[in-house]
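1. Sequence and predicted structure below; questions after.
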Amino acid sequence: MRRLKALLIKEFLQMRRDRLTLIMMLGLPVIQLVLFGFAINTDVKHLPTIVFDQSLQQDSRDLLSSLEASGYFDIKYLAKSYQEVNSAVDAGKAKVGIIIPPDFSENLKHGRQAAVQVIVDATDSMAASSAISAAQLIGQLKSQDILLQQIRGYSGHPTEKPYDIRIRPWYNPDFISAFYMVPGIMGVMLTMTMVMITSMAIVRERERGTLEQLIVTPMKNWELMLGKIIPYSLVGYVQVTVALLAGVLIFDLPIRGSLALLYALTALFILASLALGLLISTVTKNQMQAMQLSFFVFLPSVLLSGFMFPREAMPMVFNLLGNLLPLTFYLQILRGIILKGVGLSVLWPQIVALVIFIIITLTISIKKFQKKVA
């Protein structure tokens, strides 16, 4: 009994000294509860929407007001051409595009069906399903209102269905879940391996006592960092290649964009993930801490990046937190190139974000490493 008591006291004292591990053990459940409780929402609302209203009549304004009042559509852009709608949806600025023809009001007044085209970005099947269901339901309700007025003899001629909501799901019209998940799994897989493996690189050298040998060699700090990064970069490229081959051969994944561009931008994400892993390795004391802190970063990356749950459904604060994660931008690059076939003219904001993340993270890592060496 005395030995057990002594062992318990020893373990509690060790946990008290190892404050970082204790903070992560206590903080991780809280973060999980907060993320799952507030950030994760499968009812996707407030989808950014672009409208090309060629009618500009009261009837079209009433329809747009009804769509926006539903809470599912946030009309953020007013287009002046079809090309503006296409560009906004391609770039991901708008998840929904609504096109109202010039004869919309005229058709309603003369008892003809009034068509409305609703373009939906179906790369995210959950958000697309919410948009489609809401648009169709609002079209049905508006049609019922007109039919009731006609039955009561107020106006117009009997029409079977006044509002004809024509849904156009783009990029993944059959809503094949593999097309959405495979690119996401590629990004998550790289995050998990690159961050976790690299985070233990310098810590492992320190625990083995070989870090001092590396320090006394005629090697600069940034050279040491690159020496730790380059081998894992090659591993990352092998993982991406295997995942792409599996996606194409097993799931018939379409690659509509440039494969060379995909590999070039993958280098940025691999470097960003490795830089984050190096930063973790410079602030931790042992491999256990490095692994725990890596998981501490990995969980928000999966939940807040848009891998599983649409970012449009998240509260603003969690949406902003997602912008601090490199996986958020890499998923947009992956799905943009693979499913949409877009290029640099669309993906440049994501590229700039990854470059800024790399510069900041590597700078902090090198400075932290210099302090530890000193």
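-> Nice, thanks for sending it over.
2. which residue is nearest the centroid of the protein?
-> In the chain, the centroid-proximal residue (CA atoms, centre = their mean) is Gly306; its distance is 3.0 Å.
3. Need the three-state assignment for that residue.
-> Following DSSP: H, G, I helix; E, B strand; the rest coil, the label given to Gly306 is coil.
4. Make 636 the first number, not 1, from now on.
-> Happy to do that; since the first residue is 636 now, the last one works out to Gly941.
5. out of everything not next to it in sequence, what's closest to it?
-> Distances taken as CB to CB, 6 or more residues apart in numbering put Leu966 closest to Gly941, at 5.5 Å, once the chain neighbours are dropped. (Each C-beta comes from the backbone N, C-alpha and C, glycine too.)
6. ok, now which ones touch the one you found?
-> Pro818, Gly819, Gly822, Ser940, Gly941, Phe942 (CB atoms under 8 Å, 6 or more residues apart in numbering).
7. Ok, Leu896 next?
-> Here Leu896 is in contact with Ile972, Gly978, Leu979 (CB under 8 Å, 6+ apart).
8. Most neighbours among those residues, which one is it?
-> Ile972 (24 neighbours; other CB atoms under 10 Å).
9. ok, that one to Ala763 distance?
-> Using CB to CB, to the nearest Å, Ile972 is found at 19 Å from Ala763.
10. Ok, Met923 next?
-> Remark: distance between Met923 and Ala763 (CB to CB) = 42 Å.
11. Between these two, tell me which one has more neighbours.
-> Shown here are Met923 and Ala763; by other CB under 10 Å, Ala763 has more neighbours (26 against 15).
12. wait, doesn't the more buried one sit right on Ala757?
-> Yes. With contact defined as CB atoms under 8 Å, Ala763 counts as touching Ala757 (4.3 Å).
13. Let me have the contacts of Leu896 in JSON lines, extended by distance to Lys796.
-> Shown next, in JSON lines, are these (distance: CB to CB, whole Å):
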{"residue": "Ile972", "distance to Lys796": "39"}
{"residue": "Gly978", "distance to Lys796": "40"}
{"residue": "Leu979", "distance to Lys796": "44"}
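14. where along the stretch 886-1009 of the chain do the helices fall?
-> 894-918, 922-939, 951-957, 961-970, 979-1008 (DSSP state H, counting those that start in this stretch).
15. What mean pLDDT does stretch 926-941 get?
-> What stretch 926-941 shows for mean pLDDT is 82.
16. now do stretch 967-985
-> Here the average pLDDT along stretch 967-985 is 92.
17. which one is Leu776 nearest to, not counting chain neighbours?
-> Nearest to Leu776 is Ser701, by CB to CB, 6+ apart, at 7.7 Å.
18. domains of this structure?
-> 682-805, 811-1008 (automatic domain parsing).
19. Quickly, which of the ones you listed bottoms out on average pLDDT?
-> Among the domains of the chain, domain 811-1008 has the lowest mean pLDDT, at a mean of 83.
20. circling back: give me the distance between the residue nearest to the centre of the chain and His681.
-> For Gly941, the distance to His681 - CB to CB - is 15 Å.
21. Next: Ile735.
-> Taken as CB to CB, the span from Ile735 to His681 is 21 Å.
22. Which one of the two is surrounded by more residues?
-> Between Ile735 and His681, Ile735 has the larger neighbour count (other CB under 10 Å), namely 23 against 16.
23. partners of the more buried one in the sheet?
-> Beta-bridge pairing for Ile735 (DSSP bridges): Asp688.
24. Distance of it relative to Val720?
-> To Val720, Ile735 is 11 Å away according to CB to CB.
25. Now do the shared contacts for these two.
-> With CB under 8 Å, 6+ apart as the test, Ile735 and Val720 both reach Phe687.
26. Val937 is in contact with Val823, isn't it?
-> Yes. Between Val937 and Val823 there is a contact under CB under 8 Å: 5.9 Å.
27. Mutual contacts of those two, please.
-> Common neighbours of Val937 and Val823, using CB under 8 Å, 6+ apart, are Leu962.
28. what about the strands in this structure?
-> Per DSSP state E, the chain carries strands over the ranges 682-688, 708-713, 731-735, 749-756, 798-805.
29. For the shortest one, buried residues please.
-> Using 16 or more other CB atoms under 10 Å as the test for burial, strand 731-735 gives Val731, Gly732, Ile733, Ile734, Ile735.
30. Enumerate every residue touching the third one.
-> Right, the one you point to is Ile733. Thr684, Ile685, Val686, Phe687, Asp688, Leu699, Leu702, Phe708, Val751, Gln752, Val753, Ile754.
31. among those residues, which ones are buried?
-> Of these, these count as buried by 16+ other CB under 10 Å: Thr684, Ile685, Val686, Phe687, Asp688, Leu699, Leu702, Phe708, Val751, Gln752, Val753, Ile754.
32. Quick one: these as TSV, columns for distance to Ile915 too.
-> Below are the buried ones among the contacts of Ile733 laid out as TSV (distance: CB to CB, whole Å):
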residue	distance to Ile915
Thr684	39
Ile685	40
Val686	45
Phe687	47
Asp688	50
Leu699	48
Leu702	45
Phe708	40
Val751	51
Gln752	48
Val753	45
Ile754	42
